[in-house]
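Colleague: here's a sequence, model it:
(one chain, ligands or ions: 1)
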Amino acid sequence: MYFKWGRSRVSIFPLLSITAIVLVSNLLWSFSGYTFCHREPSLCGCQKCLRDSDPWFNDIISEAPEPFLSQKHIPSEKDFLWWKNLQGARLQNLTLYNKTLERLFQTITPIADIGEPRPDHCRSCAVVGNSGNLRGSHYGPLIDFHDTVIRINRGRTKGYETDVGTKTTHHVMYPESSTRLDNTTHLLFFPFKTHDFLWLMKDLNRGENGAPNVKKIANKDLIWILHPAFMKYVHQVWLGKKGAYPSTGFLAVVLSLVMCDEVTIFGFGADSGGSWSHYFEIFKNKKFKTGAHPGEEEYKMIEKLHKKKTIVFFKGW
Ligand code: C5P
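Modeller: Numbers count the residues shown, from 1 in each chain. From the prediction side, this is the model:
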């Protein structure tokens, strides 16, 4: 069979065979692409989402239990038995603990809405530790650029804006490290003993008998309480049970990995003497080093996440 092209007569068979070959090879190519290179489309709107990371990260993060306490997520007895030894205080029995939680939930209704990844939005988070390596870093604008800025314990901004920024959306605290938060900042409350819940309740109930204008520790509706099972998970799965228990800073890092789509870390790292000195004060207790926490292990893990390009870690100066 022939057709006319200009003055020449062209056989149609070679053309048909070429078309067939192209079609079949295209089909095979897309099939092999599906089989060997198929990737789920990104779930979030960032350039690179945490969940697009390597299988090691996806495995370890998929073991994470519910991060926050609520009436729906009360700790099990097993969680309690692990948690009650952290700070070895008296008054740590399960009955008192459960009663305390029951009373706490009459005072607040913690609804931690961390949301889900969405293709049209990038939940970018900065976790800011308190390391002295922030001094002179000029990281302020970079930190403020994130949607969520998590600060820790006595970490402050006033007077240090150039290096640490001005924005705080979430603040991690426990009673001994507490500062009053403004009405719009989320309190990420990390309890280490039953007394910590009693402390929180006492603070929130101040002024309920009529005293006006009593400033509470935080806005009641913006309090999220870290679940003991999550602390245990970080201790066992992330840190291989090293140290007595994880630092508030490292707990905040792992928490950010379940709350955010993209994580940048600032202000982590001991000083040259191996101590966790702070950017906002002259560190006096040189013997403290990293306390009961496995500082080196935590640092290595943050570096590992950075090397794997799961997070970005700014090491300061
Ligand atoms: O010292 P503080 O506990 O208030 O600091 C918050 C967190 O920042 C620590 O729990 C630790 O994880 C981290 N940190 C650090 N290097 C420092 C100081 C603090 O990694 N020099």
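
Colleague: ok, and the closest non-adjacent residue to the residue of the stretch 1-150 of the chain found nearest the ligand?
Modeller: When scored by C-beta to the nearest ligand atom, the stretch 1-150 of the chain has residue 129 as its residue closest to the ligand, at 3.0 Å. Just so you know, the C-beta spots here come from the backbone N, C-alpha and C atoms, and that holds for glycine as well. Excluding the flanking residues, the one nearest residue 129 by C-beta to C-beta, 6 or more residues apart in numbering is residue 267, at 3.6 Å.

Colleague: how about the nearest residue to residue 317, chain neighbours excluded?
Modeller: residue 136 (5.3 Å).

Colleague: surely that neighbour touches residue 160?
Modeller: No. Using C-beta atoms under 8 Å, residue 136 is not in contact with residue 160; the gap is 10.5 Å.

Colleague: more crowded one of the two?
Modeller: Each of residue 136 and residue 160 has its neighbours counted (other C-beta atoms under 10 Å); residue 160 has more, 17 against 12.

Colleague: residue contacts, that one?
Modeller: 134, 279-280 (C-beta atoms under 8 Å, 6 or more residues apart in numbering).

Colleague: now do the phi/psi pair for the residue of the stretch 1-150 of the chain closest to the ligand.
Modeller: phi -80, psi -180 (degrees, to the nearest 10).

Colleague: and for residue 221?
Modeller: Dihedral angles (degrees, to the nearest 10) for residue 221: phi -80, psi -10.

Colleague: contacts only, for it.
Modeller: So residue 221 contacts residue 108 (C-beta under 8 Å, 6+ apart).

Colleague: likewise the one 4 residues further on?
Modeller: With contact set as C-beta under 8 Å, 6+ apart, residue 225 has these partners: 68-69, 110, 189, 191.

Colleague: so which one among these has the lowest pLDDT?
Modeller: Across the contacts of residue 225, the smallest pLDDT goes to residue 110, namely 86.

Colleague: A strand includes that one, no?
Modeller: No. According to DSSP: H, G, I helix; E, B strand; the rest coil, residue 110 belongs to no strand; its state is coil.

Colleague: what number of residues lie near it?
Modeller: So residue 110, with other C-beta under 10 Å, has 19 neighbours.

Colleague: the ligand versus the residue nearest to residue 288 when sequence neighbours are not counted, what's the distance?
Modeller: Take residue 288 and drop its neighbours on the chain: the residue closest to it by C-beta to C-beta, 6+ apart is residue 275, 6.1 Å away. Separation of residue 275 from the ligand (C-beta to the nearest ligand atom, to the nearest Å): 7 Å.

Colleague: wait, residue 275 touches residue 286, no?
Modeller: Yes. Under the criterion of C-beta under 8 Å, residue 275 makes contact with residue 286 at 5.7 Å.

Colleague: which one of the two has more residues nearby?
Modeller: residue 275 (19 against 11).

Colleague: and residue 87, what does it touch?
Modeller: 192-193.

Colleague: and it, its phi and psi?
Modeller: phi -120, psi 20.

Colleague: near the ligand, which residues of the chain are found?
Modeller: Selection of the chain residues close to the ligand by C-beta under 6 Å from any ligand atom yields 129-132, 152-154, 247-250, 268-270, 276-278.

Colleague: can you tell me which of those end up in helices?
Modeller: Using DSSP state H, the members of those that fall in helices are 248-250.

Colleague: need the three-state assignment for residue 263.
Modeller: Once three-state DSSP is applied, residue 263 turns out strand.

Colleague: ok, which stretches of this structure are strands?
Modeller: Ranges of strands in the chain, per DSSP state E, are 2-5, 8-11, 124-128, 148-152, 170-173, 186-189, 223-225, 262-266, 312-313.

Colleague: list the residues that contact the residue in the stretch 151-300 of the chain positioned nearest to the ligand.
Modeller: Of all residues in the stretch 151-300 of the chain, residue 249 sits closest to the ligand, at 2.1 Å by C-beta to the nearest ligand atom. Neighbour list for residue 249: 127, 129-130, 152, 172, 268, 298 [criterion: C-beta under 8 Å, 6+ apart].

Colleague: so who does residue 295 touch?
Modeller: 243, 247, 270, 274, 276, 289.

Colleague: buried ones in stretch 299-311?
Modeller: 299, 301-302, 305-306, 310-311 (16 or more other C-beta atoms under 10 Å).

Colleague: actually stretch 280-291, sorry about that
Modeller: 280, 290.

Colleague: okay, it in CSV with CA atoms only?
Modeller: What follows is stretch 280-291, C-alpha atoms only, in CSV (Å, rounded to 0.1, in the frame of the first residue of the first chain):
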residue,chain,number,x,y,z
PHE,A,280,20.8,34.9,77.1
GLU,A,281,23.1,34.5,80.2
ILE,A,282,26.5,33.7,81.4
PHE,A,283,26.6,30.0,82.2
LYS,A,284,27.8,29.3,85.7
ASN,A,285,27.0,25.7,86.5
LYS,A,286,29.8,24.2,84.4
LYS,A,287,29.4,20.8,86.1
PHE,A,288,25.9,20.5,84.7
LYS,A,289,27.1,19.5,81.2
THR,A,290,23.9,18.2,79.6
GLY,A,291,22.3,17.0,82.9
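
Colleague: thanks a lot, catch you later.
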